[in-house]
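*Asks:* Here is my input; please provide its structure:
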Amino acid sequence: MKQSLSNCRWPGPAGTGSPGQLSGLAKGYIALVAVLGAALLAFVPGELRLPSDRRGLITLVFAVIIAAVCQLQKAEGKTARTSYDLGLAAFSFALLALGLGSAIFVALFACLVDWIWHRYPWHIQTFNTFSLIVGLSAAAATYGAILGESEQASAQGALALAAATACFVVLNHLMVGLAVSLGKKEPLAKSGVFARSGLLIDAGLFITGAAAALLWLTSPHASLVMLVPLYAFWLVLKIPSLEGQATTDVKTGLYNARYFQEALNKELSRANRTARPVTVIIGDLDLLRNINNTYGHLAGDQVLYGVAQMLKEEFRDYDVVARVGGEEFCVLLPETRAADAARRVERLRQKIQAARFPVDTSPDPIRVSMSFGIAERLRPGEDAKSLLHRADLALYKAKLAGRNRIRIASQDKSDRRSIARAPYAADTDPATERFSPREWPESVQSSPRRTKLRAAGR
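*Replies:* Now for the predicted structure:
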């Protein structure tokens, strides 16, 4: 996998980042890593010699080709934060077969190919390159210190390899995690780079490359069989991407309606067993169709994406944030009371109201607002349909009250009768409105309130 900033969500448009948006501390940290990596290149010239013999050059070319192919054939991760490449196996192969100098050369070439192909911002790729140099240098020093005069295939060599693997993986993840933490101004633990799966994948790739190097030193032709498990690694790493596509909304990167429905059913089942609170939020962008009609649907999609990122950042990692329809979002908050959810949603509502969303079809940024309905599980045994329906009615009350506000669902059935009788004043002629099929969970597709809002244009 090899952690890098390009594999992680980063401040800036489209998640790519801009150095002007980074804090002074984040800039200083990136500069420090770059200086440290450059110093290793400048002050360890003896270690950076490339092989001069024919077999060594063939080995180097082989590692360079594998590393370059790995950069071009990344497997997308389960979320927008992650992608997987097998380049780490090529780096560890070069490190054990040829030494630190060749490993750094392979890493530099791979980073250059990666930048040419994916065009990451220069400061991100600079950090990725020099952090890789620091990690490989630390791994080489650890390996050499433990191996000593022993043979690579000895028990001491196995211990040295394990230590070098742990050194590189932990250091690489730590450096990237600090960069993400400083750049996004969030705790290191929230960066996600220390997920157990990521650590194990990197360790497995490093050891696979090292095993291929040991086999190469005894029988170069036999070592080619290591391409088979490497390819199998790549196929396995594509599974999270396929899982993510099945549960992710394409436009926003949030979960989709199907995943939300499944998560809600599971959480309600757990809450019924443990008698713990559960709250659901339904949010709806106010009059998004006006933006689509005035600036085009691409502008509407840009606004949807921007609001989705604000939703994702506002809620906790274990909350489920989903886009369930055209301009409609749902949030599942385990272990949360409605009053606590309302305070969080009010902060979010104010942020959305104050935000400015740049779009390609308007010289000025667009302003939007959002209405929210909140419902807490009333009693043990309440099903998803009932909970969502009450949140839906609360959202309708927020729309009736003038939009851009929050309403918490009442705990009795009187609201249902009053909502059914309430008129809805549309801002535009409903006869001209066109609606596409909704992607709501089945439990709320037939809501009479939703049919009424379709006709009124939200």
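*Asks:* Okay, buried residues for stretch 111-129 please.
*Replies:* 111, 113-115, 120-121, 123-129 (16 or more other CB atoms under 10 Å). To be clear about C-beta, it is placed using only N, CA and C from the backbone, and glycine gets the same treatment.
*Asks:* How far away from the center of its chain is whichever helix in the chain runs longest?
*Replies:* Longest helix in the chain by number of residues (criterion: DSSP state H): helix 155-184. Computed by CA atoms, centre = their mean, to the nearest Å, the chain-centroid distance of helix 155-184 equals 21 Å.
*Asks:* And the next helix or strand past it?
*Replies:* helix 196-218 (DSSP states H and E).
*Asks:* Next secondary structure after that following helix?
*Replies:* Per DSSP H and E, the first helix or strand lying C-terminal to helix 196-218 is helix 220-223.
*Asks:* Tell me who's in contact with the residue nearest to G144 when sequence neighbours are not counted.
*Replies:* Leaving aside its sequence neighbours, G144 sits nearest to A160 (CB to CB, 6 or more residues apart in numbering; 7.8 Å). Neighbouring residues of A160 by CB atoms under 8 Å, 6 or more residues apart in numbering: T142, Y143, G144, I146, L147, S150.
*Asks:* let's see 7 Å
*Replies:* Y143, I146, L147 (CB atoms under 7 Å, 6 or more residues apart in numbering).
*Asks:* Buried ones among these?
*Replies:* Y143, I146, L147.
*Asks:* how many other residues sit next to the closest residue to R258 other than its chain neighbours?
*Replies:* Closest residue to R258 in three dimensions, ignoring its sequence neighbours and counting by CB to CB, 6+ apart: T247, at 7.0 Å. Close neighbours of T247, defined as other CB atoms under 10 Å, add up to 17.
*Asks:* again with the one 10 residues further on
*Replies:* The number of residues packed around A257, counting by other CB under 10 Å, is 22.
*Asks:* Also T279?
*Replies:* Using other CB under 10 Å, T279 is surrounded by 27 other residues.
*Asks:* Where does it sit: helix, strand or coil?
*Replies:* Using DSSP: H, G, I helix; E, B strand; the rest coil, the structure places T279 in strand.
*Asks:* Specify the beta-bridge partners of it.
*Replies:* L333, E376 (DSSP bridges).
*Asks:* That one is in contact with G373, isn't it?
*Replies:* No. Using CB atoms under 7 Å, T279 makes no contact with G373, being 11.0 Å away.
*Asks:* Please determine how far A203 is located from I133.
*Replies:* Between A203 and I133 the distance, using CB to CB, to the nearest Å, works out to 20 Å.
*Asks:* ugh, typo on my part, it should be L72
*Replies:* On the measure of CB to CB, L72 and I133 end up 21 Å apart.
*Asks:* Who has more neighbours out of these two?
*Replies:* Between L72 and I133, counted using other CB under 10 Å, the more crowded position is I133 (24 against 13).
*Asks:* mind listing the strands for this protein?
*Replies:* Using DSSP state E, the strands of the chain run over 75-76, 83-84, 278-285, 320-323, 328-334, 370-376, 406-408.
*Asks:* List the contacts of V64.
*Replies:* So V64 contacts V106, F109 (CB under 7 Å, 6+ apart).
*Asks:* let's see 10 Å
*Replies:* Residues near V64 by CB atoms under 10 Å, 6 or more residues apart in numbering: A90, A94, S102, F105, V106, L108, F109, A110, V113.
*Asks:* ditto for G37
*Replies:* So G37 contacts I104, T126, F127, T129, F130, S131, L132, I133, V134, G135, L136, S137 (CB under 10 Å, 6+ apart).
*Asks:* Just the residues contacting stretch 210-223, thanks.
*Replies:* The contact list for stretch 210-223 (CB under 10 Å, 6+ apart) reads 55, 58-59, 62-63, 66, 89-98, 139, 143, 152-153, 157-158, 160-162, 164-165, 224-227, 229-230.
*Asks:* Okay, buried residues for it please.
*Replies:* A210, A211, A212, A213, L214, L215, W216, L217, S223.
*Asks:* Rebuild the residues you listed as TSV, extending it with pLDDT.
*Replies:* Formatted as TSV, the buried residues of stretch 210-223 follow (pLDDT from 0 to 100):
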residue	pLDDT
A210	91
A211	89
A212	89
A213	90
L214	88
L215	87
W216	86
L217	83
S223	73
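*Asks:* what separates stretch 251-261 from the chain centre, distance-wise?
*Replies:* 14 Å.
*Asks:* which of the residues in that stretch are buried?
*Replies:* The neighbour-count check on stretch 251-261 (16+ other CB under 10 Å) flags T252, G253, L254, Y255, N256, A257, Y259, F260, Q261 as buried.
*Asks:* For the last one, report the pLDDT, please.
*Replies:* Looking back up the chat, that one is Q261. We note a pLDDT of 94 for Q261 in this prediction.
*Asks:* now do the fourth one
*Replies:* Among the per-residue scores, Y255 holds a pLDDT of 92.
*Asks:* quick one: contacts for it?
*Replies:* For Y255, the contacting residues are 79, 244, 247-249, 261-263, 320-324, 330, 332, by CB under 10 Å, 6+ apart.
*Asks:* switch to 8 Å and redo it
*Replies:* Applying CB under 8 Å, 6+ apart, the residues contacting Y255 are T247, T248, D249, A263, V320, V321, A322, R323.
*Asks:* hmm, which of the residues you listed are the buried ones?
*Replies:* T247, T248, D249, A263, V320, V321, A322, R323.
*Asks:* Save these as JSON lines, and put in distance to A195 too.
*Replies:* As requested, the buried ones among the contacts of Y255 are exported to JSON lines (distance: CB to CB, whole Å):
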{"residue": "T247", "distance to A195": "17"}
{"residue": "T248", "distance to A195": "18"}
{"residue": "D249", "distance to A195": "22"}
{"residue": "A263", "distance to A195": "19"}
{"residue": "V320", "distance to A195": "18"}
{"residue": "V321", "distance to A195": "19"}
{"residue": "A322", "distance to A195": "21"}
{"residue": "R323", "distance to A195": "24"}
